[in-house]
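>>> Sequence first, predicted coordinates after that:
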Amino acid sequence: MRCIHTHLKNEPLSQDDLTDLALLRLDIMAAIGILEDGLPSDIFISHLLPLNPEGKTFEIHPPVQFHRMDLKSDEFILALEEEMGRAVVRDIKDKRERAILISASKGDKEEQIESIEELKELSRSANVAVLDTIIQRPKELNPKYLMGSGKLKELIIKALQKEATLLIFDQELTPTQIREIGEITELKVIDRTQLILDIFASRAHSRDGKVQVELAQLKYRFSRLTGKGTALSRLAGGIGGRGPGETKLEVDRRRVQDKISHLEKQLKSLSRGRLERRRRRGASGVPIISIVGYTNVGKTTLLNTLTKSETRAEDLLFATLDTASRRLRFPRERDTVITDTVGFIRHLPKDLLKAFKATLEEMQDADLLIHLADISSPNFEKQIEVVENILREIGLDSIERVLVFNKTDKTSPEITKNLCRRYNAIAISAIHPATLGSLLKILEERLWPEDMDEAVTSLFKVRH
């Protein structure tokens with residue numbers, strides 16, 4: 001299939017010509033320039049390219065005089081198709097979703113880049129193959145597609161060339177935007193919130209966790225029951241296909257609302273059980289320590305190393321969703337309960353935060369919080385700020401905290417020392433038990449300050 005047309009001013013192929021070539025998957029796009037006397041001048045030709053390391057979509061031939069063109073198009077197209085057939089685009093055994101990540105924002109450029117890198121890690125945690133990223137900072141956001149029309153065409157071309165099956169936006173999309181982008185690209189479209197919900201849905205194993213995640217998902221879906229499009233296909237296979245009738249829509253809304261009410265009752269029941277366990281724990285007089293921090297900073301690894309337990313730990317975002325509590329014994333034969341909690345992240349979905357609030361309430365009984373931060377992350381300062389903001393939001397900022405820098409094995413001793421002095425933090429490497437001595441000492445001092453007072457008094461008497 002070839003497109004041959006004229007350019008009245010002998011102009012080369014335009015960007016629209018090249019976009020159509022890619023979008024329509026034409027064999028050849030040709031423009032014949034026309035002279036003032038109406039005779040043909042130069043001919044401009046372009047064709048698609050097989051997948052290549054440079055990422056070029058098409059090749060533009062130098063212009064030649066129309067009467068001197070000697071391209072044997074049929075033979076050329078057959079040869080090109082054979083070459084495209086030999087080019088292996090992807091491993092057909094790989095059944096993962098193939099995604100292009102998109103960020104369209106008017107915000108700070110550096111923050112936008114950091115956020116898209118985090119979206120890559122979220123995609124990896126969701127077992128999604130990331131093919132490419134597109135970042136745009138438009139003067140004004142397009143209310144229909146979020147990104148500009150030119151960038152959208154570029155996105156469609158990349159998706160076709162790389163055989164993408166999914167588009168993931170870093171910004172939260174409206175139901176209309178999800179529908180419109182999905183219709184024009186003919187691909188599944190989700191946003192950051194939906195991706196996080198998917199990760200949580202696949203990782204929750206306890207009854208509490210499953211109920212909390214399902215509740216958050218239903219609340220997210222309920223706000224998007226608009227009656228059109230396939231925006232919900234990722235989570236639940238869609239709501240009756242495209243454009244269900246008003247009656248069906250109302251039925252869907254009522255069913256979802258009934259399910260939300262049922263899950264909220266379940267959550268209250270589970271919450272009462274947790275409250276009873278917390279009361280028993282409080283009555284025992286055993287101090288409680290909770291480990292909090294950004295996702296994937298090593299909280300579960302620290303819990304395992306301190307308590308010699310084997311809670312599952314992975315180098316993935318949100319590897320831990322279910323709260324785990326273990327007994328920690330100090331050298332002076334004193335015990336505490338230490339708890340691992342779900343990691344925090346920037347732009348954590350509000351419905352998810354509300355759903356997990358019941359679990360996070362367990363931290364209210366903590367006598368001490370270990371705020372664990374990844375010192376090797378270039379964004380550790382912002383991650384600390386995110387955690388502090390969330391603690392403030394859920395009313396836990398009044399609990400005493402110890403800031404601990406983890407993964408010191410990935411930074412130089414000098415940098416670690418300077419940062420610890422600056423932030424009044426303790427340096428450890430959770431995978432090396434020998435580095436935890438100073439942390440244990442600080443925890444013991446904070447939990448049993450009266451012992452330190454007695455030790456100081458005894459030392460004072462000895463000296464005098």
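Perfect, thanks for sending it. Numbers count the residues shown, from 1 in each chain.

>>> Now for residue 390, how many residues are close by?
Applying other C-beta atoms under 10 Å, we find 19 residues neighbouring residue 390. Quick note: C-beta positions are derived from backbone N, CA and C, even for glycine.

>>> now it, nearest residue through space, not along the chain?
With C-beta to C-beta, 6 or more residues apart in numbering as the measure, residue 344 is the residue that lies nearest to residue 390, at 5.0 Å, once sequence neighbours are left out.

>>> Next, that neighbour: phi, psi?
Dihedral angles of residue 344 (phi, psi; degrees, to the nearest 10) stand at phi -100, psi 160.

>>> in the sheet, who's paired with it?
Residue 344 forms beta bridges with residue 294, as assigned by DSSP bridges.

>>> again, but for residue 288
According to DSSP bridges, the partner residues bridging residue 288 are residue 337.

>>> now it: how far from residue 113?
Using C-beta to C-beta, to the nearest Å, one obtains 39 Å as the distance from residue 288 to residue 113.

>>> same thing with residue 360?
Applying C-beta to C-beta, the value for residue 360 to residue 113 is 30 Å.

>>> Repeat that for residue 417.
Computed as C-beta to C-beta, the residue 417 to residue 113 distance reads 29 Å.

>>> now do residue 22
Computed with C-beta to C-beta, the distance linking residue 22 and residue 113 is 27 Å.

>>> Also residue 324?
On the measure of C-beta to C-beta, residue 324 and residue 113 end up 34 Å apart.

>>> same thing with residue 203?
According to C-beta to C-beta, residue 203 stands 27 Å off from residue 113.

>>> Which of the two has more residues huddled nearby?
residue 203 (20 against 13).

>>> Next, count neighbours for the closest residue to residue 431 other than its chain neighbours.
Spatial nearest neighbour of residue 431, chain neighbours left out: residue 301 (6.2 Å); criterion: C-beta to C-beta, 6+ apart. The number of residues packed around residue 301, counting by other C-beta under 10 Å, is 21.

>>> Which of the helices or strands spans residue 301?
Assigned by DSSP states H and E, residue 301 belongs to helix 299-307.

>>> gap between that helix and the chain center?
Counting by C-alpha atoms, centre = their mean, to the nearest Å, helix 299-307 is centred 24 Å from the centre of its parent chain.

>>> elements contacting it?
Taking 3 or more C-beta pairs under 8 Å, 6 or more residues apart in numbering; DSSP states H and E as the contact definition, the neighbouring helices and strands of helix 299-307 are strand 288-293, strand 324-329, strand 335-340, strand 368-374.

>>> Run through who's touching the third one.
Okay, so that is strand 335-340. Residues from elsewhere that reach strand 335-340 (C-beta atoms under 8 Å, 6 or more residues apart in numbering): 281, 286-291, 299-300, 303, 306-307, 311, 320, 323-330, 362-363, 366, 443, 447.

>>> which of the residues you listed are buried?
Neighbour-count burial (16 or more other C-beta atoms under 10 Å) applied to the contacts of strand 335-340 gives 287-291, 299-300, 303, 306-307, 311, 320, 323-326, 328, 362-363, 366, 443, 447.

>>> What's the per-residue pLDDT of the residue nearest to residue 431 here?
Confidence per residue is given as pLDDT, and for residue 301 that number is 90.

>>> So it sits against residue 430, correct?
Yes - using C-beta atoms under 8 Å, residue 301 is in contact with residue 430, at 4.3 Å.

>>> Show me the strands in the stretch 1-150 of the chain, by range?
Shown for the stretch 1-150 of the chain, the strands assigned by DSSP state E, counting those that start in this stretch span residues 2-7, 28-34, 40-48, 58-60, 64-65, 98-104, 129-136.

>>> Please identify which of those strands is closest to residue 334.
strand 129-136 (47.5 Å; C-beta to C-beta).

>>> helices or strands up against that closest one?
Judged by 3+ C-beta pairs under 8 Å, 6+ apart, strand 129-136 is in contact with strand 98-104, helix 109-125, helix 149-162.

>>> got the angle between that strand and helix 149-162?
Calculated by axes from the mean of the first three to the mean of the last three C-alpha atoms, to 10 degrees, strand 129-136 forms an angle of 160 degrees with helix 149-162.

>>> and strand 129-136, which strands flank it?
Strand pairing (DSSP bridges) places strand 129-136 next to strand 98-104 (parallel).

>>> Pull the residues that contact the helix holding residue 301.
Identification of contacts with helix 299-307 by C-beta under 8 Å, 6+ apart yields 291-293, 309-313, 319-320, 324, 326-328, 338, 340-341, 343, 370, 372, 404, 406, 428, 430-431, 433, 436, 440.

>>> Which PyMOL command selects the buried ones in those?
Command for PyMOL, covering only those of the contacts of helix 299-307 found buried under the criterion 16+ other C-beta under 10 Å:
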select buried, resi 291+292+293+311+313+319+320+324+326+328+338+340+341+343+370+372+404+406+428+430+436
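
>>> could you check the distance from the closest residue to residue 169 other than its chain neighbours over to residue 335?
In space, residue 169 comes closest to residue 191 once its chain neighbours are excluded; the distance is 4.6 Å by C-beta to C-beta, 6+ apart. The span separating residue 191 from residue 335 equals 45 Å under the rule C-beta to C-beta.

>>> With residue 74 instead?
83 Å.

>>> Residue 191 and residue 335: which is more packed in?
When residue 191 is set against residue 335 and neighbours are counted by other C-beta under 10 Å, the residue ahead is residue 191, at 23 against 13.

>>> Which residues are in contact with that one?
Counting by C-beta under 8 Å, 6+ apart, residue 191 touches 168, 169, 170, 171, 172, 173, 178.

>>> quick one: the helix or strand containing the last one to strand 98-104, angle?
Taking DSSP H and E as the criterion, the element that holds residue 178 is helix 175-185. Angle of helix 175-185 versus strand 98-104, following the same axes, to 10 degrees, is 130 degrees.

>>> buried set for helix 175-185?
Within helix 175-185, the residues that qualify as buried by neighbour count (16+ other C-beta under 10 Å) are 175, 176, 177, 178, 179, 180, 181, 182, 184, 185.

>>> What of stretch 32-52?
Buried residues in stretch 32-52, counting neighbours by 16+ other C-beta under 10 Å, are found at 32-34, 41-50.
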